[in-house]
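# sequence below, structure please.
(chains A and B)
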Amino acid sequence: MKSQNPSFFTRVRNRVKHGYFPWLLVSPAFTYLTGIGLIPFFFVIALSFMDYSLAYVYLPRVFVGFKNFRMLVFDEWLWHALRITFTFTALAVGLELLIGLVLAIITTGNIRGKTIWRSLLLIPMVVSPIVVGLIWLQMLNPDFGVITYFLHQLGFFTGTGPTIESSTALLTTVLVDVWHWTPFVMLILGAGILSLPVEPYEAALVDGASSWQVFRHVTLPLLTPVITVVLLLRTMDALRIFDEVWILTGGGPGSVTRYSVIHAYRISLAQFNIGYGATISLFLFFITLVLCSFFFNVLRGRR
Amino acid sequence: MPSSSYKSRVRIKSLVSYFVLVVATMVALFPVLWMILMSLKTRVDIFTMPPPLLFSPRLDNYFAAFVEKNYAKYLINSLVVVAGSTIIAVSLGSLAAYSFSRFKMWADKHILFDILTFRMAPLIVFIIPFYMIWTNLGMYDTHVGLIIAHAAFNMPLVVWLMLSFFDGLPRDLEEAAMVDGCSRLGTLFRIVLPLVAPGLAASAVICIIFSWNEFFFAMVLTSVYAKTLPAAITGFVTTRGTLWGEMAAVATVIILPVLTFAIIVQKYLVRGLTFGAIK
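Predicted coordinates:
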């Protein structure tokens, strides 16, 4: 009999049987990632307890205890940054899921040239984030951007430029993110739909269910695991948005799009307040950690 | 028997589907096409509004960017970094994945969780220590420095992706090979790795795409010598205005290879981008 969780004796026997071969294979990657990942991580933890500024390198690093963490709690800029980051994430990921799901259903449905549509639609996904930022920066330029021009002509928008007006900047970054990542959602959900079993659909057909009922009571429940994966991946990614927004608005105008990573970046590598910047990034890290543990459970469930 | 109203409903539905698809494709493609067109325009044409429908395409921008401004150097940097980091990430990552897939090890779940977290964490966490350590070790602004960073960033993905491929491979073959007197390493290299070649290719492609597109590390860890294309392209945004034509030329060179790649390996993209969670 083989139990799910091998007993201590099985483990010992395995070790004797396999010797150190398993570790021989793991050790290069393990050493590498420990060196590159873990040591810097402890470094960050150490820095978060220090007053250390690259602007005043001649001053020594001082251990200040929990000062940075206390600062974090009362840092209104940070809470503002987190608030708009969550708004951005909710809007962007919500829209992406909605549009992505519709496109996934259409591209897996009864249409001609599925592969061609799908290939064309996934193009935005592989464009480098920095290029995405630059393309949209050009098209949204207040003076000669093609989109600004047509928005002005059609009277949808009367301000200077969508990225410059504080009323539209956040929405603009959301829409650029939606443009960039909806193909990802479509691709994954499409693969999920194609891998669904046929039987429930046949049963629904026999029962005379309408296509909305089929979608609501067959497709959606069966697709939930895939949607969960997409939701987690997209959320973790949206929470750490940097490149596109950095080039598009730089966090502005004012602080309208100063999302959490941009905030942390400005504190640590523009103001050179390394100690406090480290504290903020640790805090952001722990937010991701929670989501990541959900994702880990999904991955482990698949094994 | 389907009634005529049912038929017309189906027809309307498929018409709506095509309409949505056409609109979505236009929205998806327009910015990319716009950029490619811009790279072929002269400065005057770029700034003309409304945009001229017809213009005589020129390759001046490519010449100006890659020859006069020497962006060819950054292109080579990009290629070096992509090649180096992909080789490291795929080789070390897949060996580890094989071990995780086949053997029970001490704390393997924790290790797997930790490396996943490393991949999903905001890079800002690592950028500060990286910057400080790299400058101290003399790795700042070198190819090696950026290769190490990119490989570390991609390796977790390779481990998880290859794990899903190794898990899907029956053990009987390896056992048969070992019974026939093949050594453990021999089994791995002669039997297992050829069988998961598609997986290795998929991992490599995903690594290439990420490394090629990566901006954050490249921006912080390099300055002049080892700059890659995504980090260098922001150099066209100057205080005296942006050189849009040249920028578009470089952007096109960044986009096109990855685009071709992604369309070819579409099948594996799903698996790779979800860390093997969805096949």
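
# from A:Leu47, how far out is B:Thr234?
27 Å (CB to CB, to the nearest Å). Any C-beta I mention is one placed from the backbone N, CA and C, and that applies to glycine too.

# who's more crowded, those two?
In this view B:Thr234 and A:Leu47 are compared by other CB atoms under 10 Å in any protein chain shown, and A:Leu47 has more residues nearby, 25 against 19.

# that one contacts B:Phe126, doesn't it?
No - the criterion here is CB atoms under 8 Å, and A:Leu47 misses it with B:Phe126 at 12.0 Å.

# how about the nearest residue to B:Met89, chain neighbours excluded?
Careful, residue B:89 is Ala and not Met. Distances taken as CB to CB, 6 or more residues apart in numbering or on different chains place B:Asn154 nearest to B:Ala89, at 4.0 Å, with adjacent residues excluded.

# tell me which element the residue nearest to the spatial centre of chain B is part of?
For chain B, B:Ile209 is the residue whose C-alpha lies nearest the centre (CA atoms, centre = their mean; 1.6 Å). If you go by DSSP states H and E, B:Ile209 is part of helix B:197-213.

# could you list the buried residues of that helix?
Within helix B:197-213, the residues that qualify as buried are B:199-200, B:202-213, counting by 16 or more other CB atoms under 10 Å in any protein chain shown.

# helix or strand next in line after that helix, which one?
Going down the chain from helix B:197-213, the next helix or strand is helix B:216-221, by DSSP H and E.

# starting at the chain centroid, how far to that next one?
Centroid separation between helix B:216-221 and its chain, computed with CA atoms, centre = their mean, to the nearest Å, is 16 Å.

# name the residues that touch whichever strand or helix holds A:Val230?
For A:Val230, the host element (DSSP H and E) is helix A:220-239. Residues from elsewhere that reach helix A:220-239 (CB atoms under 8 Å, 6 or more residues apart in numbering or on different chains): A:85, A:88-89, A:92-93, A:96-97, A:100-101, A:177, A:181, A:184-185, A:188-189, A:191-193, A:196-197, A:200, A:260, A:284, A:287-288, A:291-292, A:294-295, A:298, B:120, B:122, B:273-274, B:277-278.

# ok so, going back, and the average pLDDT for the helix holding B:Ile209 is what?
Averaged across helix B:197-213, pLDDT comes to 91.

# isn't A:Phe88 up against A:Val174?
Yes - under the criterion of CB under 8 Å, A:Phe88 makes contact with A:Val174 at 5.9 Å.

# rewinding a little: ok, of the buried residues of helix B:197-213, which one's closest to A:Phe69?
Using CB to CB, B:Phe210 is the member of the buried residues of helix B:197-213 that sits closest to A:Phe69, with 33.0 Å.

# chain neighbours aside, what residue packs nearest to that closest one?
Computed as CB to CB, 6+ apart, the closest residue to B:Phe210 that is not its neighbour in sequence is B:Asn154, at 5.8 Å.

# pLDDT score for the one you found?
So, for B:Asn154, pLDDT stands at 92.

# what's the burial count for it?
Neighbours around B:Asn154, by other CB under 10 Å: 26.

# that one: what's it in contact with?
The neighbours of B:Asn154, taking CB under 8 Å, 6+ apart as the test, are B:85-86, B:89, B:93, B:206-207, B:210-211.

# repeat that for B:Ser39.
B:61-62, B:245, B:248-249, B:251-252.

# if we use 6 Å, what do you get?
Residues in contact with B:Ser39 (CB atoms under 6 Å, 6 or more residues apart in numbering or on different chains) are B:61, B:248-249, B:252.

# any idea how far the closest residue to A:Phe66 other than its chain neighbours is from chain B?
Nearest residue to A:Phe66, sequence neighbours excluded (CB to CB, 6+ apart): A:Phe49, at 7.5 Å. Taking CB to the nearest CB, to the nearest Å as the measure, A:Phe49 falls 14 Å from chain B.

# roughly how far apart are A:Phe49 and A:Ser268?
On the measure of CB to CB, A:Phe49 and A:Ser268 end up 15 Å apart.

# looking at these two, which one has more neighbours?
Higher neighbour count among A:Phe49 and A:Ser268: A:Ser268, with 25 against 19, using other CB under 10 Å.

# correct me, but that one touches B:Ile127?
No - contact criterion CB atoms under 6 Å: A:Ser268 and B:Ile127 do not qualify, at 7.9 Å.

# list the buried ones in whichever strand or helix holds A:Asn297?
According to DSSP H and E, A:Asn297 maps onto helix A:274-302. By neighbour count on 16+ other CB under 10 Å, the buried set for helix A:274-302 is A:274-285, A:287-288, A:291-292, A:295-296, A:298-299, A:302.

# restrict the residues you listed to those near chain B?
With CB under 6 Å from any CB of the partner chain as the criterion, these include A:274, A:278, A:281, A:284-285, A:288, A:292, A:296, A:298-299, A:302 near chain B.

# save the residues you listed as JSON lines, and put in pLDDT too.
Formatted as JSON lines, those follow (pLDDT from 0 to 100):
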{"residue": "A:Ile274", "pLDDT": "85"}
{"residue": "A:Ala278", "pLDDT": "89"}
{"residue": "A:Ser281", "pLDDT": "90"}
{"residue": "A:Leu284", "pLDDT": "91"}
{"residue": "A:Phe285", "pLDDT": "90"}
{"residue": "A:Thr288", "pLDDT": "88"}
{"residue": "A:Cys292", "pLDDT": "89"}
{"residue": "A:Phe296", "pLDDT": "88"}
{"residue": "A:Val298", "pLDDT": "85"}
{"residue": "A:Leu299", "pLDDT": "84"}
{"residue": "A:Arg302", "pLDDT": "71"}
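
# would you check which pair of the residues you listed lies furthest apart?
Farthest pair in those (CB to CB) is A:Ile274 and A:Arg302. Separation: 39.8 Å.

# averaged pLDDT, stretch B:107-117. What do you get?
Averaged across stretch B:107-117, the pLDDT comes to 84.

# which residues sit against that stretch?
Taking CB under 6 Å, 6+ apart as the rule, stretch B:107-117 contacts A:33, A:292, A:296, B:100, B:156, B:159.

# in the helix holding A:Val230, what counts as buried?
Buried residues in helix A:220-239, counted by 16+ other CB under 10 Å: A:222-223, A:226-227, A:229-239.

# and for stretch B:59-66?
Neighbour-count burial for stretch B:59-66 flags B:60-62, B:65-66 (criterion: 16+ other CB under 10 Å).

# just the residues you listed: which are in strands?
With strands taken from DSSP state E, there is no overlap with the buried residues of stretch B:59-66.

# tell me which of these fall in helices.
B:60-62 (DSSP state H).

# where does chain B dip in pLDDT?
B:1-4 (pLDDT under 70).

# ok, now with 50
In the predicted model, chain B carries pLDDT under 50 at residues B:1.

# which residue ranges form the strands in the stretch 51-200 of chain A?
Using DSSP state E, counting those that start in this stretch, the strands of the stretch 51-200 of chain A run over A:62-63.

# residues in contact with both of A:Phe88 and A:Val174, list them for me.
When contacts are counted by CB under 6 Å, 6+ apart, the set common to A:Phe88 and A:Val174 is empty.

# the helix holding A:Asn297 packs against which elements?
Secondary-structure packing of helix A:274-302 (3 or more CB pairs under 6 Å, 6 or more residues apart in numbering or on different chains; DSSP states H and E): helix A:39-48, helix A:67-73, helix A:220-239, helix A:260-265, helix B:108-120, helix B:124-137.

# could I get those as JSON lines with distance to B:Arg9?
Listed next are the helices and strands packed on helix A:274-302 as JSON lines, based on distance: least, CB to CB, whole Å:
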{"stretch": "helix A:39-48", "distance to B:Arg9": "58"}
{"stretch": "helix A:67-73", "distance to B:Arg9": "58"}
{"stretch": "helix A:220-239", "distance to B:Arg9": "22"}
{"stretch": "helix A:260-265", "distance to B:Arg9": "48"}
{"stretch": "helix B:108-120", "distance to B:Arg9": "44"}
{"stretch": "helix B:124-137", "distance to B:Arg9": "52"}
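
# sweet, I'm off.
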